[in-house]
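Participant: just coords:
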């Protein structure tokens with residue numbers, strides 16, 4: 001009886017959330033703009049709270065229902081299923097959607113064109129409906145329909161500022177990537193339907209030789225959508241462009257939903273193909289290293305965060321590869337660690353990256369630029385943004401006691417356990433090498449976010465706009481700041497209560513590993529909460545009893561300037577100079593070149609102007625993708641000649657096509 005009531009109430013909550021967001025599209029036609037923005041933000045927030053409530057109710061009680069009994073997609077009904085795997089992603093959607101709802105009114109206050117506000121709300125509601133229904137879809141047909149709704153609405157959000165060339169280019173790149181991704185995923189679904197005769201995602205298993213082709217196609221589609229190397233080129237272009245509130249949803253959920261699909265089908269479907277494991281490990285490793293290197297060299301704050309997503313998607317993919325590898329060898333403990341690391345890091349990364357993009361949006365709003373060379377000194381004028389961005393940076397660098405530390409720790413434990421398992425020596429060597437690669441990537445990530453925080457927030461302002469920056473137009477914390485604080489508190493709470501969080505993921509881990517005895521908290525025995533409390537008390541005691549008395553008598557002096565007088569901002573370290581030594585080491589990968597120009601009458605002894613610039617040439621874009629684009633352009637221009645405009649020629653084409661079809665039919 002209780003389970004029946006649970007199913008009914010959860011189904012009603014999810015249906016009500018979608019219906020409320022659908023009604024929100026109609027409410028965009030209301031009158032007074034300020035009142036309308038607050039009302040629509042409330043509609044978005046209430047829908048997110050409904051989704052969160054439905055996720056909480058169905059946490060350990062799978063729910064199957066047909067929320068739209070009158071709707072059919074031809075091949076299948078719009079069936080929905082909420083199971084333990086979809087629950088944490090729905091919870092993440094609800095939390096990030098709530099943050100976007102809180103941030104939206106303050107963001108829209110700067111819009112002068114009222115039409116843009118209406119488009120923003122319509123696209124945001126459609127995007128939210130698509131995201132939720134993708135997580136609820138029980139069959140492949142419904143999944144693809146809502147996947148397309150999510151993809152097209154998010155592409156429109158990328159092109160929101162369509163007047164700018166960079167937004168047009170980003171939207172075109174994202175549309176191209178999502179078309180390719182959908183094609184691969186559709187082909188994989190068709191293969192699995194051919195093998196099983198069913199459209200139900202729960203009925204598909206990838207442990208047979210016939211499923212290998214579908215698994216390869218699925219991996220290709222997911223890698224394209226998640227921004228895995230070498231299909232990552234769209235991600236640094238698209239992630240920075242959506243409006244600030246929806247950038248949290250876009251960066252925190254779009255790539256993670258591709259990972260969710262991979263987990264649902266390959267991990268829950270007991271994939272045992274070794275080639276899939278090896279390819280996932282290889283692509284994930286290259287993506288992690290490639291992403292963090294380009295993030296370290298990036299000058300645009302939002303593009304830096306986007307390349308960081310390439311890195312973290314690669315790390316998650318390596319964990320999925322190890323989980324498949326361990327399952328193939330029957331290593332249940334290693335598979336459990338890898339699965340927990342992949343799932344937990346996917347959720348943590350979505351939460352943290354949304355926080356960081358909101359922080360970058362706050363910086364852009366205040367300083368009117370994302371270029372770190374024009375920032376600096378923002379910690380005084382933007383103290384709340386600085387605090388939230390700093391906490392997010394600590395988390396993404398896996399510093400204890402933040403949430404990403406626990407998920408990275410699980411990944412380290414996975415590779416350590418695999419290196420001592422009874423597997424071929426080559427796989428043990430790969431596991432040990434992966435420990436070193438993870439440490440290397442972690443060190444570069446720490447350097448990357450040290451650069452982001454130090455160059456953007458510390459030092460002196462490098463531009464007039466940075467010097468005049470304010471936390472908000474009114475000078476007081478507004479919705480955008482409150483949204484950051486909400487996600488910051490969530491990061492700290494998850495980081496300091498990891499065993500509780502892993503216990504919450506226990507049903508999902510049991511579903512993914514097919515191990516009903518698995519307990520999430522047993523995978524992470526470290527008492528982070530207690531250690532954090534002890535550390536905080538120790539630091540507070542040292543400050544109060546040792547340093548507290550001295551701070552009152554401290555004197556301030558100017559920095560020794562060698563007799564040259566006050567130093568200008570030109571003497572400060574820039575983002576390029578900070579990352580240049582590491583860039584020189586990997587100059588062959590980054591294709592980095594340095595241009596130095598010295599001018600003046602006696603430039604050898606008394607140079608008047610010294611100009612140094614660094615240039616990077618993306619290898620993939622120039623060596624692979626650009627030649628492919630040129631080839632398609634040539635092919636398209638060649639095929640245009642076939643369109644002569646003559647009806648007689650077109651009838652001849654039809655006649656020749658019919659002859660070809662008859663010939664093929666007789667030979668088959």
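Facilitator: Perfect, I can see it now. Note that the structure is a prediction, hence the values are computed from the model and not measured.
Participant: Distance from the chain centre to the helix or strand hosting residue 189, please.
Facilitator: In this structure, residue 189 sits in helix 165-196 according to DSSP states H and E. Counting by C-alpha atoms, centre = their mean, to the nearest Å, helix 165-196 is centred 17 Å from the centre of its parent chain.
Participant: just stretch 184-202 next, same as before
Facilitator: With C-alpha atoms, centre = their mean, you get 27 Å for stretch 184-202.
Participant: same check, this time on stretch 89-107
Facilitator: 15 Å.
Participant: Kindly report the same for stretch 19-33.
Facilitator: Stretch 19-33 sits 28 Å away from the centroid of its parent chain (C-alpha atoms, centre = their mean).
Participant: List the buried residues for that stretch?
Facilitator: 20, 21, 24, 25, 28 (16 or more other C-beta atoms under 10 Å). For glycine as for every other residue, the C-beta is placed from the backbone atoms N, C-alpha and C.
Participant: Let me see the domain layout of this protein.
Facilitator: 1-163, 207-539, 573-619, 625-667 (automatic domain parsing).
Participant: Show the average pLDDT along the third one.
Facilitator: So that's domain 573-619. For domain 573-619, the mean per-residue pLDDT is 78.
Participant: Give me the distance between the two termini of it.
Facilitator: Start-to-end span of domain 573-619 (C-alpha to C-alpha, to the nearest Å) is 28 Å.
Participant: What is the end-to-end distance of stretch 81-89?
Facilitator: End-to-end distance of stretch 81-89: 13 Å, with C-alpha to C-alpha as the criterion.
Participant: in it, what's buried?
Facilitator: For stretch 81-89, using 16+ other C-beta under 10 Å, the buried residues are 81, 82, 83, 84, 85, 86, 87, 88, 89.
Participant: before we move on, what about stretch 280-294?
Facilitator: 280-281, 283-294.
Participant: what do you get for stretch 531-540?
Facilitator: Buried residues in stretch 531-540, counted by 16+ other C-beta under 10 Å: residue 532.
Participant: Just name the shakiest helix or strand of the protein by mean pLDDT.
Facilitator: In the chain, the helix or strand scored least confidently by mean pLDDT, DSSP states H and E is helix 548-551, which has a mean of 57.
Participant: quick revisit: so of the buried residues of stretch 81-89, which two are at opposite extremes in space?
Facilitator: Greatest spacing in the buried residues of stretch 81-89, by C-beta to C-beta: 81 and 88 (15.0 Å).
Participant: wait, which of the buried residues of stretch 19-33 is closest to residue 12?
Facilitator: For those, the nearest to residue 12 is residue 20 (11.9 Å; C-beta to C-beta).
Participant: Contact partners for the closest one?
Facilitator: Shown in contact with residue 20 (C-beta atoms under 8 Å, 6 or more residues apart in numbering): 43, 46, 47, 50.
Participant: Now do the first one, the pLDDT please.
Facilitator: Among the per-residue scores, residue 43 holds a pLDDT of 94.
Participant: That one: how many residues sit nearby?
Facilitator: For residue 43, the count of nearby residues is 19 (other C-beta atoms under 10 Å).
Participant: My guess is it contacts residue 23. True?
Facilitator: Yes. At 7.2 Å, residue 43 counts as touching residue 23 under the criterion of C-beta atoms under 8 Å.
Participant: and residue 82, backbone torsions?
Facilitator: Dihedral pair for residue 82: phi -110, psi 120, per degrees, to the nearest 10.
Participant: Who does it form a beta bridge with?
Facilitator: Following DSSP bridges, residue 82 is listed with bridge partners residue 63.
Participant: Surely it touches residue 90?
Facilitator: Yes. Between residue 82 and residue 90 there is a contact under C-beta under 8 Å: 7.4 Å.
Participant: residue ranges with poor pLDDT in the stretch 351-500 of the chain?
Facilitator: Where the stretch 351-500 of the chain drops to pLDDT under 70, the residues are 475.
Participant: same thing with the stretch 101-250 of the chain?
Facilitator: 111-116, 118.
Participant: Could you find the lowest-pLDDT member of the buried residues of stretch 19-33?
Facilitator: For the buried residues of stretch 19-33, the pLDDT minimum is residue 28, 81.
Participant: Spit out the contact partners of it.
Facilitator: Applying C-beta under 8 Å, 6+ apart, the residues near residue 28 are 36, 40, 117, 118, 121, 122.
Participant: okay but the last one is in contact with residue 22, surely?
Facilitator: No. Distance between residue 122 and residue 22: 10.7 Å, which falls outside the contact criterion (C-beta under 8 Å).
Participant: Strands of this protein, start to end?
Facilitator: Ranges of strands in the chain, per DSSP state E, are 63-66, 79-82, 592-599, 609-616.
Participant: quick one on the thing from earlier: looking at the domains of the chain, which is closest to residue 185?
Facilitator: When the domains of the chain are compared by C-beta to C-beta, domain 207-539 sits nearest residue 185, at 3.8 Å.
Participant: Between the two ends of that closest one, how far is it?
Facilitator: Per C-alpha to C-alpha, domain 207-539 runs 53 Å from first to last residue.
Participant: Which pLDDT value goes with residue 95?
Facilitator: So, for residue 95, pLDDT stands at 96.
Participant: now the one 4 residues further on
Facilitator: Note for residue 99: predicted pLDDT of 95.
Participant: show me what contacts the nearest residue to it once chain neighbours are set aside?
Facilitator: The shortest distance from residue 99 to any non-neighbouring residue, by C-beta to C-beta, 6 or more residues apart in numbering, is to residue 483 (4.1 Å). Neighbour list for residue 483: 99, 100, 102, 103, 245, 248, 358 [criterion: C-beta under 8 Å, 6+ apart].
Participant: Write a ChimeraX command that selects only the buried members of those residues.
Facilitator: In ChimeraX syntax, the buried subset of the contacts of residue 483 is picked out as below (16+ other C-beta under 10 Å):
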select :99,100,102,103,245,248,358
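Participant: so, if you compare the contacts of residue 483, which one comes nearest to residue 65?
Facilitator: Using C-beta to C-beta, those come closest to residue 65 at residue 100, 26.9 Å.
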